[in-house]
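Asks: Below are the sequence and a predicted model for it; my questions follow.
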Amino acid sequence: MSGIHNSKMNFSKFYNRYSGQRCFILGGAPSLKNEQLELLKNEKVFICNKGFKALEIGLDHYDFYVLADASVARENYDQIETQINSPRFYSSSVARKVDFTHDYIKYIRGTGKPHVALPTSVEAGWGKVGTVVLDATILAYLMGFKEIYLLGTDLDYSANNTHFYPDDQREIRQRNIMNMKLVLRNLKGVSKQLALHNVIFRNLSQGFNHKNICPVDRLQNII
């Protein structure tokens, strides 16, 4: 994985392409195993980081893949390189540190002071939001989706297992350093910004217990 590949793809063909449509963004939380993923059969679906593992628990397809974690990229390099079959969106950190040979769209994910103002382009980028699910949410907004729903986004690291698949050693260590206050603050900010832009945004995750942060609902009520 040397000599970083320079993708020639850009975001222009995706900008506002799905105007007025709805999408579902899947996180990796344990509650995803309890969702009726077969209901997503005809929906636009984003998966994030190791979200391809949801194919093992009932998800039958996905339309977009968002990768923000360079460690996930390295540890799952072969599978990501050869088996992802959708448009790929990689953070600037992944693009800088990992040499994938396939094409992808790079988005600028800041590492400095977080902010939640919605950007006008992927090139302009945005501040440190703290979770790939919010990266995917912002990408979905730029793609024109007017209904954005989260699944498997519990944002609760108090349980023994924090993902719908068995945690690896790095994920176990990360429980102690995950800045959940930052993530929840940015989720609340993004939710408010989306509302100002007339975008319906709901967290449908059964394990999400922060009802004061953003609007909630259940998958069965949406489909």
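Replies: Perfect, thanks for sending it. Residues are numbered from 1 along each chain as shown.

Asks: Residue ranges in the protein under the pLDDT threshold?
Replies: Low-confidence segments of the chain, defined by pLDDT under 70: 1-8, 110-116, 167, 169-178.

Asks: where exactly do the helices run in it?
Replies: 70-75, 77-83, 92-97, 132-142, 169-174, 180-196, 219-222 (DSSP state H).

Asks: Let me have those helices in CSV, adding distance to residue 159 and mean neighbour count as columns.
Replies: Bear in mind the C-beta positions are built from the backbone N, C-alpha and C, glycine included. Below are the helices of the chain laid out as CSV (distance: least, CB to CB, whole Å; neighbours: other CB atoms under 10 Å):
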stretch, distance to residue 159, mean neighbour count
helix 70-75, 20, 17
helix 77-83, 26, 13
helix 92-97, 27, 18
helix 132-142, 18, 25
helix 169-174, 12, 12
helix 180-196, 13, 17
helix 219-222, 21, 13
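
Asks: what's the closest of those to residue 152?
Replies: Minimum separation from residue 152 across the helices of the chain (CB to CB) falls at helix 132-142, 8.5 Å.

Asks: got TSV for the helices of the chain, with distance to residue 162 too?
Replies: Output for the helices of the chain, formatted as TSV (distance: least, CB to CB, whole Å):
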stretch	distance to residue 162
helix 70-75	14
helix 77-83	21
helix 92-97	21
helix 132-142	13
helix 169-174	6
helix 180-196	11
helix 219-222	21
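
Asks: Which among those is found nearest to residue 18?
Replies: For residue 18, the closest of these is helix 132-142, at 8.0 Å, according to CB to CB.

Asks: who touches that closest one?
Replies: Helix 132-142 has contacts (CB atoms under 8 Å, 6 or more residues apart in numbering) with 11, 14-16, 23, 25, 27, 46, 48-49, 64, 66-69, 89, 91, 107, 109, 118-119, 121-122, 126, 129, 148, 150, 153, 183, 186-187, 190, 194, 197, 199, 201.

Asks: could I get that helix in CSV with only the CA atoms?
Replies: Taking C-alpha atoms only, helix 132-142 is exported to CSV below (Å, rounded to 0.1, in the frame of the first residue of the first chain):
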residue,chain,number,x,y,z
VAL,A,132,-18.7,8.7,10.1
VAL,A,133,-22.5,8.6,10.3
LEU,A,134,-22.5,12.4,10.3
ASP,A,135,-20.1,12.5,7.4
ALA,A,136,-22.6,10.3,5.5
THR,A,137,-25.4,12.6,6.6
ILE,A,138,-23.7,15.6,5.2
LEU,A,139,-22.9,13.8,2.0
ALA,A,140,-26.6,12.8,1.7
TYR,A,141,-27.6,16.4,2.2
LEU,A,142,-25.3,17.5,-0.6
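
Asks: Can you get me a residue count around residue 205?
Replies: Neighbour count for residue 205, taken as other CB atoms under 10 Å: 27.

Asks: ok, residue 27 to residue 80 distance?
Replies: Going from residue 27 to residue 80 by CB to CB, to the nearest Å gives 17 Å.

Asks: Check residue 43 too.
Replies: Taken as CB to CB, the span from residue 43 to residue 80 is 23 Å.

Asks: Give me the nearest residue to the residue most central in space within the chain, chain neighbours excluded.
Replies: In the chain, the residue lying closest to the centroid (CA atoms, centre = their mean) is residue 133, at 2.9 Å. Spatial nearest neighbour of residue 133, excluding adjacent residues (CB to CB, 6 or more residues apart in numbering): residue 27 at 4.7 Å.

Asks: same question, residue 156
Replies: Leaving aside its sequence neighbours, residue 156 sits nearest to residue 207 (CB to CB, 6+ apart; 5.9 Å).
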